[in-house]
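In: Kindly return the folded structure for what I paste below:
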Amino acid sequence: MKARRAVVVLLGVVLCGVPGRWGGKPSTVEGSRLTFTLHDLEGRPVTSDDERFKGKVVFVDVFGTWCPPCVRAIPTFRDLQMRYRNDGLVILGIAFEYGDSAEGRRSYLRGFGRQNAINYPVLDGGTPDQFKAALPGLGNVRGFPVEILIGRDGAVIEARSANVYRKGWAKDLEVRLVEALEAEPPQGPSPPAGRP
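Out: Numbers count the residues shown, from 1 in each chain. As a prediction, the model looks like this:
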C-alpha cells in the first residue's frame with residue numbers, strides 16, 4: 001500500500017508541473033468558451049450552460065487530490081468563494097481522480113470536500129486519463145492544476161496550467177477575479193420604466 005501511495009504522489013508531482021516552468025505559452029480554450037457535460041458528486045449531470053453559471057464570473061479549478069499544489073490552493077478558493085459569492089463569483093472544481101468506478105470517485109470526493117470544508121461545487125471529471133475527453137476544448141495543458149477564468153458573458157478571459165502557487169499567487173488571483181467582477185455589471189432584472 002505504501003508503494004502504491006508513493007507512486008501516486010510521485011505521479012502527482014510530475015503531472016502538477018515543474019517549478020520554474022510557469023511563463024510559457026498559456027493554455028487555450030477552443031472557440032473562446034469552455035464546454036463540458038460532467039456529473040456532480042451525487043451523479044447528476046451538469047453542463048457548462050447550467051443556470052447557476054449564467055451572468056456570473058466563473059473560476060474553474062481543474063485539480064486532483066493527488067496533486068500537492070492543487071490541494072494547497074483549496075483554502076484560497078474557499079476564502080475567495082466566501083468573500084465574493086454575493087458579487088457574482090462562482091468557483092467550480094473539476095476533479096480528476098484515480099479509481100475505476102464513478103461512484104467510488106464521487107464518494108471519495110464527497111469525503112474530501114467535507115474534510116477540507118469546500119464551499120463550492122465540485123464535479124467528477126473522471127480519471128486523469130479521461131481529461132482530454134472530459135474537456136476536449138482545452139489545449140496546451142502542461143500539468144495540473146489548470147485555472148480557467150470565465151467572464152459573465154461566458155467567454156474565457158484566461159486559461160493557464162501548472163501554476164506552482166508561488167508567493168503572491170493568491171493576491172494575483174484575487175486581483176484577476178475582482179477585475180472580472182467589476183468589468184461587467186451583475187446580470188439581473190432591469191429597473192422598472194421611469195425609475196433609475
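
In: in the protein, which spans are strands?
Out: 28-29, 37-40, 45-47, 57-63, 89-96, 122-126, 138-139, 146-150, 156-161 (DSSP state E).

In: avg pLDDT for the last one?
Out: Okay, so that is strand 156-161. The average pLDDT for strand 156-161 rounds to 89.

In: Now do the buried residues in that strand.
Out: 156, 157, 159, 160, 161 (16 or more other C-beta atoms under 10 Å). For glycine as for every other residue, the C-beta is placed from the backbone atoms N, C-alpha and C.

In: Which two among the residues you listed are spaced furthest apart?
Out: Within these, two members stand farthest from each other by C-beta to C-beta: 157 and 161, at 15.2 Å.

In: can you list the strands of the chain in CSV and add distance to residue 72?
Out: Shown next, in CSV, are the strands of the chain (distance: least, C-beta to C-beta, whole Å):
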stretch, distance to residue 72
strand 28-29, 25
strand 37-40, 24
strand 45-47, 26
strand 57-63, 10
strand 89-96, 14
strand 122-126, 16
strand 138-139, 22
strand 146-150, 14
strand 156-161, 16
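
In: Single out the most deeply packed of these.
Out: strand 57-63 (a mean of 25; mean count of other C-beta atoms under 10 Å).

In: what lines up beside that one in the sheet?
Out: Under the criterion DSSP bridges, strand 57-63 sits next to strand 89-96 (parallel), strand 146-150 (antiparallel) in its sheet.

In: Just the CA trace of the longest one, in PDB.
Out: What follows is the C-alpha trace of strand 89-96 in PDB, where atoms were taken according to Å, rounded to 0.1, in the frame of the first residue of the first chain:
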ATOM      1  CA  LEU A  89     -18.400  34.800  -8.300                       C
ATOM      2  CA  VAL A  90     -18.700  31.000  -8.700                       C
ATOM      3  CA  ILE A  91     -15.700  28.900  -8.100                       C
ATOM      4  CA  LEU A  92     -16.100  25.400  -9.700                       C
ATOM      5  CA  GLY A  93     -13.800  22.500  -9.100                       C
ATOM      6  CA  ILE A  94     -13.400  19.800 -11.700                       C
ATOM      7  CA  ALA A  95     -11.700  16.800 -10.100                       C
ATOM      8  CA  PHE A  96      -9.800  14.000 -11.900                       C
END
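
In: What residues does the closest residue to residue 52 other than its chain neighbours make contact with?
Out: Of all residues not flanking residue 52 in the chain, residue 90 sits nearest, at 6.6 Å (C-beta to C-beta, 6 or more residues apart in numbering). For residue 90, the contact set (C-beta atoms under 8 Å, 6 or more residues apart in numbering) comprises 52, 53, 56, 57, 58, 59, 81, 120, 121.

In: Sweet, I'm off.
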